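Undergrad: Here is a sequence with its predicted model. Questions after.
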Amino acid sequence: MTIEDRLQYTICFVHYGDRVLLLNRQKAPWMGRWNGVGGKLEAHETSYECILREVEEETGLYLPGKDRIKARGVMKWFRDGESLGGMYLFTAELKKEEYEIYQTPRNSDAGEGILDWKDKDWIFHEQNSGVVDNIKILLTKIFDSNEFAIFDTTYHENELISVIKKN
């Protein structure tokens, strides 16, 4: 990937067992919907440096080491055949003692919204419209992915058509 192709965003799904720490965003995009934590890369940052910073800023969790925050590939967005960029994907598994002391719901340290632990069954429930649409599909595949996975997400206008995993 050249510098011109570099993606601008990162996202991480912090989890423990069957629970995922999600952020109910209070700003656009996805205002009022549950999402992972993450954000925009700064010019000098690698995707790993960005997600380490974003996880700490938004959750207060400091999880250094690539054994703690694992790269899970990239998601690219397309709308009506046009590329809209994408984001680097990460997961982070908390240790039992970290999970037990991390009480939710709580406000994001960065003022991004409300953080709360959500059971995977709740996230994937067919009647749940509160989770970002592509995230519901991504979460069924991301934990088994490696750093080379590519998820192509296709929209027609603003409606999700598909999330296809390559590799």
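TA: Here it is on my side, so go on.
Undergrad: ok, which stretches of the protein are strands?
TA: In the chain, the strands defined using DSSP state E lie at 9-16, 19-25, 34-35, 37-40, 69-79, 82-93, 106-107, 113-119, 150-156, 159-166.
Undergrad: ok now the fourth one, how far from the chain's centre?
TA: If I follow you right, that is strand 37-40. The chain centre lies 8 Å from the centre of strand 37-40; the measure is Cα atoms, centre = their mean, to the nearest Å.
Undergrad: Could I get the buried residue list for that strand?
TA: 37-39 (16 or more other Cβ atoms under 10 Å). Every residue, glycine included, has its C-beta placed from N, CA and C.
Undergrad: Can you add pLDDT and distance to Asn107 and give the residues you listed back as CSV?
TA: What follows is the buried residues of strand 37-40, written out as CSV (pLDDT from 0 to 100; distance: Cβ to Cβ, whole Å):
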residue, pLDDT, distance to Asn107
Val37, 97, 13
Gly38, 96, 17
Gly39, 95, 16
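Undergrad: so which of the strands of the chain is the most packed in?
TA: Counting by mean count of other Cβ atoms under 10 Å, strand 9-16 has the highest mean neighbour count of these, with a mean of 24.
Undergrad: So which other helices or strands are in contact with that strand?
TA: strand 19-25, strand 37-40, helix 47-59, strand 82-93, helix 96-101 (3 or more Cβ pairs under 8 Å, 6 or more residues apart in numbering; DSSP states H and E).
Undergrad: Name whatever forms a beta bridge with Val74.
TA: For Val74, the beta-bridge partners are Tyr88, Ile150 (DSSP bridges).
Undergrad: count of residues packed around Lys95?
TA: 10 (other Cβ atoms under 10 Å).
Undergrad: make that Glu126, sorry
TA: Applying other Cβ under 10 Å, we find 6 residues neighbouring Glu126.
Undergrad: roughly how far apart are the residue nearest to Lys141 when sequence neighbours are not counted and Phe148?
TA: The spatially closest residue to Lys141, leaving aside those adjacent along the chain, is Lys165, at 5.3 Å (Cβ to Cβ, 6 or more residues apart in numbering). Counting by Cβ to Cβ, to the nearest Å, the separation of Lys165 from Phe148 is 11 Å.
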